[in-house]
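Student: fold the following, please.
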Amino acid sequence: MKKSKREKLKAAGWTVGSVQEFLGLSDADAALIEMKLSLSRSLRERRQRRGLSQVELAKRLRSSQSRVAKMEAGDPSVSMDLLVSSLLVLGAKPTDLSRTIRT
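Tutor: Below is the predicted model:
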């Protein structure tokens, strides 16, 4: 957020902070959420680079298109295990995964 916008909001009586502060997340919880979202983005990017639809990926994973959509959207019901195993099915290497969660 631009500094000028932040100052205008504060002047209007708004409290400005981070999502972590707003939700009361610990540093560990915030890091875990960021990792999961990075894996979700990576899954979508890797699927698209391979020219696969969500339906085609779902078939490879023996899952459904709606599940793939949830995985790519970072839905809380999706486990990190499922994200990691799906990335591996798409050809990701452990080094790719470590790069993904570092960013």
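Student: find the residue at the geometric middle of this protein.
Tutor: Nearest to the centroid of the C-alpha atoms of the chain, with distances taken as Cα atoms, centre = their mean, sits residue 37, at 1.4 Å.
Student: so it: helix, strand or coil?
Tutor: Three-state secondary structure (criterion: DSSP: H, G, I helix; E, B strand; the rest coil) places residue 37 in helix.
Student: quick check: the gap between it and residue 10.
Tutor: According to Cβ to Cβ, to the nearest Å, residue 37 stands 28 Å off from residue 10. Just so you know, the C-beta spots here come from the backbone N, C-alpha and C atoms, and that holds for glycine as well.
Student: show me what the helix or strand hosting residue 100 is in contact with.
Tutor: The secondary structure element spanning residue 100 is helix 94-102 (assigned by DSSP states H and E). The contact list for helix 94-102 (Cβ atoms under 8 Å, 6 or more residues apart in numbering) reads 35, 38-39, 42, 84, 87, 92.
Student: may I ask which two of those residues are separated the most?
Tutor: Taking Cβ to Cβ, the two most distant members of the contacts of helix 94-102 are 35 and 92; they sit 14.4 Å apart.
Student: what about the closest residue in space to residue 87 that isn't next to it in sequence, how many neighbours?
Tutor: Closest residue to residue 87 in three dimensions, ignoring its sequence neighbours and counting by Cβ to Cβ, 6 or more residues apart in numbering: residue 43, at 5.8 Å. The local packing count at residue 43 equals 25, with neighbours defined by other Cβ atoms under 10 Å.
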